[in-house]
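Visitor: let me see the structure of the following:
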Amino acid sequence: MLHGAGQIFTFFIFVILALGLITAAGLEIGRIVYARSEVAKAADAAALAAASRVDVATYRETGRVQFLSDAWGTAQQYAQMNSEFLEKRRIGVNVDRIWIDRSSMLVYVTVSADLSSL
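Guide: Down below sits the predicted model:
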């Protein structure tokens, strides 16, 4: 009976190690997914901020949509304010591009963040 106890102990150790590895991998994947959602949240906030900086007077006079001069800075500020998880890890979110789709009159924003340090 004591002879079989060593095999059970070895098997139990392997099961514990496997569960630990699966847990660690799950935590890493969860952190990366959460970081990517933070980037998306920052992009949404930047787009809303940029849309609020459309030059309404020019649009009313000419029908042409254009941004005010502070649109880029406002979008960048809102992107940073909405990426708290990344800021705690010293990962900056940068607004790369802001544009308007003239056919649908929607504002689009492209943001980037280097998540390699996660």
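
Visitor: use CA for all of it now, contacts and neighbours both
Guide: OK.

Visitor: next, count neighbours for the nearest residue to Val93 once chain neighbours are set aside.
Guide: Once flanking residues are discounted, Val93 sits nearest to Ala113: 4.8 Å by CA to CA, 6 or more residues apart in numbering. Burial of Ala113, expressed as a neighbour count using other CA atoms under 10 Å, amounts to 15.

Visitor: the nearest residue to Tyr59 once chain neighbours are set aside: what secondary structure?
Guide: Distances taken as CA to CA, 6+ apart put Val65 closest to Tyr59, at 5.3 Å, once the chain neighbours are dropped. The three-state assignment at Val65 reads coil, by DSSP: H, G, I helix; E, B strand; the rest coil.

Visitor: show me what contacts Val65?
Guide: Going by CA atoms under 8 Å, 6 or more residues apart in numbering, Val65 touches 54-56, 58-59, 100, 102.

Visitor: for it, give me phi and psi.
Guide: In terms of degrees, to the nearest 10, the main-chain angles of Val65 are phi -90, psi 130.

Visitor: can you check the one 5 residues further on too?
Guide: Backbone torsions of Asp70, given as degrees, to the nearest 10, read phi -100, psi 10.

Visitor: the closest residue to it other than its chain neighbours - how many residues pack around it?
Guide: In space, and not counting its chain neighbours, Asp70 is closest to Arg53: 7.3 Å by CA to CA, 6+ apart. When neighbours are counted by other CA under 10 Å, Arg53 registers 18.
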